[in-house]
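Visitor: here you go, sequence then predicted model.
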Amino acid sequence: MNRTWWKEAVIYQIYPRSFMDSNGDGIGDLKGITDRLDYLKYLGIDVIWLSPVYKSPNDDNGYDISDYQDIMEEFGTMADFDELLAKAHEKGIKIVMDLVVNHTSDEHQWFIKSKSSKNNEYRDYYIWREGKADKTPPNNWGSCFGGSAWEYDETTDMYYLHLFSRKQPDLNWDNPEVRRNVFNMMTWWCEKGIDGFRMDVISMISKTAEMPDGEVNGLYGDYGPYCVHGPNVHRYLQEMNEKVLSKYDIMTVGETAGVTTELAKQYAGENTNELNMVFQFEHVEGDGKYGKWTDEQLPLTRLKKTLSRWQTELYGKAWNSLFWNNHDQPRAVSRFGDDRPQYREVSAKMLATCLHMMQGSPYIYQGEELGMTNYPFHDPEEFRDIESINAYKEWCGSGRVPHETFWPCITFKSRDNARTPMQWDDSAQAGFTTGIPWIAVNPNYREINAKAETADPASVFHYYKKLIALRKQNPIMVYGNYELLLEDSEELFAYTRTLEQEKLLVVCNFTDKKTAITIPAEFVGMPCLISNLDNRYDKQDIFLEPYEAFVLQKK
Ligand code: GLC
Ligand code: CA
């Protein structure tokens, strides 16, 4: 297996709107990030994944871009970006940009021109179709954010495709001019010195030529079989690799919902010349009760099975991303751990242990290193995210599901849980802004904040810092082979990593109950690399405390 810097890197995701506000307008910005680089340096991360900072009307918080080569006004200027990049590089931190090229904003010049007439040179940059004879959309596909995936446009009496909101029209990647423009834009950023791309819904860029109705599940038809992992996606990524990526020493990660391990070996194979790694969602996707909305936790046996399959099937062939949460997912400790006060810290550390000891590049989502929790929503008025707002209307507004039934589901899964401001200290608005934040601060900021945790050596923050440092000293964490133990245990997630003569045993209690384990003989008496409780592990039969986690090292 090739050894590379991005396999050894720990990545920290910043959602700029919620990270740090430098000018009191209630919105995080680039200067705010620059001001906090020392915090990230102290934590020890190698790479920042910056969620979109490009010019955008913010229908989907920057995932709707109106100019790829300009900065969102609320976030600052290109000079602020250049300063952030330069200062980050001075500190040895790399910056990976979010690349959102499945769609643009409907306010992008390409789209404005495209919709102006049927025969302008930009018409074919997007996906236009005639409606049906009865004036209804071309097919029954539903968009990810509710409603039809087709929007009628009066000017030319045709519909355009938008797999996300109507303000996010899908680009037509079959048009070589679209690809040429996107690749030029990417080159422009690479020349600026950025360190890579996280590619938004990149598995959806190629659509089938025929666009038949999809299988109906809920109100609309499923576009999946026609738009996800479409016919030319690998060809286009190879072209992108040849024209842009291969020319720079950068890191690339593809957001690939619905990807299988087989497909991942193509997208992110060691020698397939596409991407470095995929971001897959199998372990965070359950069977929702209402679409993706549910309040149920996945059974541990299933979680282990999924993660283990990704570990073993990609070994030596392709590279994993490791994550429990991001800006689209609820907070890790609330979802996979236990955010009740007595268990929050210990379970957050347990989850970190479990993830960072697996093979792949770990991603830390801002605030995860503090054990930040889901937000205690009281009212649908509190939602800021287009997905939650639309979903609440679609399921409850229509009377299909009573509020009481839907509320626990939407509040458990809402993307806004991840988007509340970063909790810096115990001053007003958690030190995020001197103004009124665009989204409410979680009221638990007085207990959970960076100032308190950086000062406390026993905090979740210091535990993450230690895990990151251990990765630098122990190549086995990066390159060791993975093997699952106790497959059927409903309580424990246990596995080994092996690199030549060296071996690690990782044991995590995912429950709030004391749980017994018999340590494999070869590890009895071996030193402890890290543990979230100050216990001794020198006997063969031991009891783990609720959410206890430890790693033994045999050299
Ligand atoms: C990705 C992003 C998400 C966004 C969507 C549309 O899934 O992570 O935040 O809403 O793509 O761009
Ligand atoms: Ca600001």
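Guide: Ah, there it is. Ligands and ions are numbered 1, 2, ... in the order given.
Visitor: ok and the residue in this structure nearest ligand 1?
Guide: Of all residues in the chain, the one sitting closest to ligand 1 is Tyr63 (3.4 Å; C-beta to the nearest ligand atom). Placement of C-beta: from N, CA and C, glycine included.
Visitor: just the element for Val96, please.
Guide: In this structure, Val96 sits in strand 94-99 according to DSSP states H and E.
Visitor: now stretch 415-431: buried residues?
Guide: 415-425, 429-431 (16 or more other C-beta atoms under 10 Å).
Visitor: say whether ligand 1 is contacted by it.
Guide: No - taking C-beta under 6 Å from any ligand atom as the criterion, stretch 415-431 and ligand 1 are apart, separated by no less than 7.0 Å.
Visitor: dump that stretch to PDB, keeping only the CA atoms.
Guide: Extracted C-alpha coordinates of stretch 415-431, given in PDB (Å, rounded to 0.1, in the frame of the first residue of the first chain):
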ATOM      1  CA  ARG A 415     -29.000  19.300   9.800                       C
ATOM      2  CA  ASP A 416     -29.400  22.400  12.000                       C
ATOM      3  CA  ASN A 417     -28.100  20.400  15.000                       C
ATOM      4  CA  ALA A 418     -24.700  20.600  13.500                       C
ATOM      5  CA  ARG A 419     -25.000  24.200  12.400                       C
ATOM      6  CA  THR A 420     -25.500  26.000  15.700                       C
ATOM      7  CA  PRO A 421     -22.500  28.200  16.500                       C
ATOM      8  CA  MET A 422     -19.200  26.900  17.700                       C
ATOM      9  CA  GLN A 423     -19.000  27.200  21.400                       C
ATOM     10  CA  TRP A 424     -15.800  29.200  22.200                       C
ATOM     11  CA  ASP A 425     -16.400  30.300  25.800                       C
ATOM     12  CA  ASP A 426     -19.000  31.000  28.400                       C
ATOM     13  CA  SER A 427     -19.700  34.600  27.500                       C
ATOM     14  CA  ALA A 428     -22.800  35.800  25.700                       C
ATOM     15  CA  GLN A 429     -23.500  33.800  22.400                       C
ATOM     16  CA  ALA A 430     -20.700  31.400  23.400                       C
ATOM     17  CA  GLY A 431     -18.100  34.000  22.200                       C
END
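Visitor: can you tell me the SS state at Cys508?
Guide: Secondary structure, DSSP: H, G, I helix; E, B strand; the rest coil: Cys508 is strand.
Visitor: please identify which helix or strand holds the residue of the stretch 351-500 of the chain found nearest ligand 2.
Guide: When distances are taken as C-beta to the ion, the stretch 351-500 of the chain reaches nearest to ligand 2 at Thr433, 7.2 Å away. Element membership of Thr433, judged by DSSP H and E, is empty: it is in no helix or strand.
Visitor: which residues in the stretch 151-300 of the chain form helices?
Guide: With helices called from DSSP state H, counting those that start in this stretch, the stretch 151-300 of the chain shows them at 176-192, 224-227, 233-243, 261-267, 300-314.
Visitor: about what we covered before: mean confidence score for the strand holding Val96?
Guide: In this model, strand 94-99 carries a mean pLDDT of 98.
Visitor: and the following helix or strand past it, how far out from the chain middle?
Guide: Scanning forward in sequence from strand 94-99 by DSSP H and E, the next helix or strand is helix 109-114. Relative to the chain's own centre, helix 109-114 is displaced by 30 Å; criterion: C-alpha atoms, centre = their mean, to the nearest Å.
Visitor: same check, this time on stretch 465-474
Guide: How far stretch 465-474 lies from its chain's middle: 22 Å, per C-alpha atoms, centre = their mean.
Visitor: please renumber so the chain begins at 8
Guide: Taking 8 as the first residue, the last one we looked at is stretch 472-481.
Visitor: buried set for that stretch?
Guide: 472-475, 477-478, 481.
Visitor: format those as TSV; extra columns: distance to Pro415 and pLDDT.
Guide: Output for the buried residues of stretch 472-481, formatted as TSV (distance: C-beta to C-beta, whole Å; pLDDT from 0 to 100):
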residue	distance to Pro415	pLDDT
Lys472	35	98
Lys473	35	98
Leu474	32	98
Ile475	35	98
Leu477	38	98
Arg478	37	98
Asn481	41	98
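Visitor: looking at the residues you listed, which are in helices?
Guide: Those of those mapping onto helices are 472-475, 477-478, per DSSP state H.
Visitor: closest to Thr84 among those residues?
Guide: The nearest member of these to Thr84, counting by C-beta to C-beta, is Ile475 at 31.8 Å.
Visitor: report the separation between the closest one and Ile52.
Guide: Separation of Ile475 from Ile52 (C-beta to C-beta, to the nearest Å): 7 Å.
Visitor: likewise for Leu493?
Guide: Separation of Leu493 from Ile52 (C-beta to C-beta): 31 Å.
Visitor: what count of nearby residues applies to Glu161?
Guide: Number of residues near Glu161 (other C-beta atoms under 10 Å) recorded here: 7.
Visitor: could you measure from it over to ligand 2?
Guide: For Glu161, the distance to ligand 2 equals 37 Å [C-beta to the ion, to the nearest Å].
Visitor: now do the contacts for that residue.
Guide: By C-beta atoms under 8 Å, 6 or more residues apart in numbering, the contact list for Glu161 is empty.
Visitor: so what sits against both of Ile475 and Ile52?
Guide: Joint contacts of Ile475 and Ile52 (C-beta under 8 Å, 6+ apart) are Val17.
Visitor: follow-up on the earlier one: ok, of the buried residues of stretch 472-481, which one's closest to Asp302?
Guide: Closest to Asp302, out of all of the buried residues of stretch 472-481 and judged by C-beta to C-beta, is Leu474, at 29.7 Å.
Visitor: for the closest one, give me its contacts.
Guide: Going by C-beta under 8 Å, 6+ apart, Leu474 touches 359-360, 363, 537.
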